[in-house]
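Visitor: Give the three-dimensional model of this entry:
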Amino acid sequence: MAEVEEDVPPEPSIDFVPALCFVPRGVTKERPDKIVLTQAELARIIGETQNMLEENDDEDEDGDAEGMEVDNEETSANAGNENHNPQDEFNFNNYENEENSTVTNLANVVDADQQVPDEDEDSEAEDEVIKPNDNLVLVGHVQDDAASMEVWVFNQEEEALYTHHDFLLPSFPLCIEWMNHDAGSDKPGNMCAIGCMDPIITIWDLDIQDSIEPTFKLGSKGNRKKQKEQYGHKDAVLDLSWNAQFEHILASGSVDQTLILWDMDEGQPHTTITAFEEKVQSIEFHPEDAQSILTGCADGLVRLFDCRDAESVNASFIKWQISGEVEKVLWHPTATNYFIIGSNDGSLHYADRRRANDLLWSVKAHNEEISGVCFNKLMPNLLTSTSTEGSLKIWNFNTTEAKHVYEHDFNMGRLQCMRQCPEDPYTLAFGGEKPPRCSVFNIKNFEAVRRTFGIADVE
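Guide: Numbering: from 1, shown residues only. Reported below is the predicted structural model:
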């Protein structure tokens, strides 16, 4: 008698972590709310999702009708060229145009008539409880056409790291930003904003465990048939920055060559900056001067804007030019006149906002594009960088030079992102494309780091 073969799901051809973010300790509910939807509520959400998909189809039809000649020319130009953009490793530029490439969503996988209430009452399990000394790590995960955000729990004292829960996302995540502003509430919240390949920014409440839809959205694609106006971005959102001093303001940079300052209380753009000649890839508000925002653009320019005057903001900015594309910009957390620039050719540049278009030093740090940079607020001369080549490098720097201290390969393939624990700047999280795909590591474990920066040995 022949053995019955078990159905084994195929290994995903695309499986990586493009974005992640730490959540500070002590802000998350001990037991995040579990929402059990009625069939009527679930049917409403599925219906709204189906309507959204239909609207997307309508927009695609409109776009095809308007740009038919251009599309034909592009098709002809790319005919016979399987890799017309060798830098687009996962073919994201065309993912929306591929047949059957709709990102997994609720309408594809859920039938409202088949749902039953959640009867799991075992909320006392230790792993379910968020402790005051726990960090959450928000991990954007892409597997083929499915996109999700995994909420991991990290406890430094216990050296514990595990997945608490996850939820589906409407599109591939590219950036995640934590914030404590809960629009419409006078109490601090525990929220995150997610920028995706889709132009709509979604805002999620992290104190709700079983979210199947965001708390609210920023932007609209519009729909001619339903007479909905488009507002916000028109293409993928590449980076987000929350203004911790004006807590209702969130900034977003996009492939559409704009930077938008959103008023989250109003759910509308407050200021739109259009002074760019290429996609806006990295942004950050100044840690002290709430009106100042630093931007890194694929046109090779870093621009520093004063956002107080919306009328003149596009014309009055300070700039720095580098060769190649700007992948990352980051302010120094304590020496706040200084910032670091990371480029697509693996270079790092250090600059002073008081000296326009003048780089204090430059170093060829990596062989491929910079995917992450972190300063250290407890050790002001320590800098870490990651690259898509897969390595972490640690630097000892000042205003005149950067010296290489140590290099480590986590064997996670291309490192796509790196973020820093807010309570311990020596603890870093990395996202990659090989198992475990997300890793949290304390760089004080490296002897070379302890020796160079005078850190006591780990007991």
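Visitor: residue contacts, residue 235?
Guide: 199, 254-256, 279 (Cβ atoms under 8 Å, 6 or more residues apart in numbering). Bear in mind the C-beta positions are built from the backbone N, C-alpha and C, glycine included.
Visitor: That one and residue 200: what is the separation?
Guide: 11 Å (Cβ to Cβ, to the nearest Å).
Visitor: Repeat that for residue 225.
Guide: Applying Cβ to Cβ to residue 225 and residue 200 gives a distance of 18 Å.
Visitor: Ok, residue 30 next?
Guide: In terms of Cβ to Cβ, residue 30 sits 32 Å off from residue 200.
Visitor: More neighbours: which of these two?
Guide: residue 200 (19 against 11; other Cβ atoms under 10 Å).
Visitor: okay, the residue lying closest to that one once chain neighbours are set aside: pLDDT?
Guide: Spatial nearest neighbour of residue 200, excluding adjacent residues (Cβ to Cβ, 6 or more residues apart in numbering): residue 219 at 4.6 Å. With respect to pLDDT, residue 219 has a value of 96.
Visitor: Repeat that for the one 5 residues further on.
Guide: pLDDT recorded at residue 224 is 83.
Visitor: and what of residue 334?
Guide: The model's pLDDT for residue 334 equals 97.
Visitor: list the contacts for it?
Guide: 377, 380.
Visitor: Please work out how many residues are found near residue 134.
Guide: 22.
Visitor: start to end distance for stretch 174-183?
Guide: End-to-end distance of stretch 174-183 (Cα to Cα, to the nearest Å): 23 Å.
Visitor: which non-adjacent residue is nearest residue 254?
Guide: residue 233 (4.3 Å).
Visitor: So that neighbour versus residue 129, what's the distance?
Guide: Taken as Cβ to Cβ, the span from residue 233 to residue 129 is 38 Å.
Visitor: Look at those two and report which has more neighbours.
Guide: Using other Cβ under 10 Å as the criterion, residue 233 and residue 129 rank with residue 233 on top: 27 against 15.
Visitor: does the more buried one count as helix, strand or coil?
Guide: Three-state assignment for residue 233 (DSSP: H, G, I helix; E, B strand; the rest coil): coil.
Visitor: quick one: contacts for it?
Guide: Per Cβ under 8 Å, 6+ apart, neighbours of residue 233: 199-201, 219, 252, 254, 256, 258, 260.
Visitor: and stretch 408-426, C-alpha only, in PDB?
Guide: Extracted C-alpha coordinates of stretch 408-426, given in PDB (Å, rounded to 0.1, in the frame of the first residue of the first chain):
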ATOM      1  CA  HIS A 408      30.800  40.900  12.300                       C
ATOM      2  CA  ASP A 409      28.700  38.800   9.900                       C
ATOM      3  CA  PHE A 410      25.500  37.400  11.400                       C
ATOM      4  CA  ASN A 411      25.000  35.000   8.400                       C
ATOM      5  CA  MET A 412      21.600  36.400   7.800                       C
ATOM      6  CA  GLY A 413      22.200  37.200   4.100                       C
ATOM      7  CA  ARG A 414      21.600  40.800   3.100                       C
ATOM      8  CA  LEU A 415      21.000  42.900   6.200                       C
ATOM      9  CA  GLN A 416      18.000  45.100   5.300                       C
ATOM     10  CA  CYS A 417      17.700  47.200   8.500                       C
ATOM     11  CA  MET A 418      19.100  47.900  11.900                       C
ATOM     12  CA  ARG A 419      17.400  49.600  14.900                       C
ATOM     13  CA  GLN A 420      18.600  50.400  18.400                       C
ATOM     14  CA  CYS A 421      17.000  49.600  21.800                       C
ATOM     15  CA  PRO A 422      15.900  52.900  23.400                       C
ATOM     16  CA  GLU A 423      17.000  51.900  26.900                       C
ATOM     17  CA  ASP A 424      20.300  50.300  26.000                       C
ATOM     18  CA  PRO A 425      22.000  51.700  22.900                       C
ATOM     19  CA  TYR A 426      24.500  48.800  22.800                       C
END
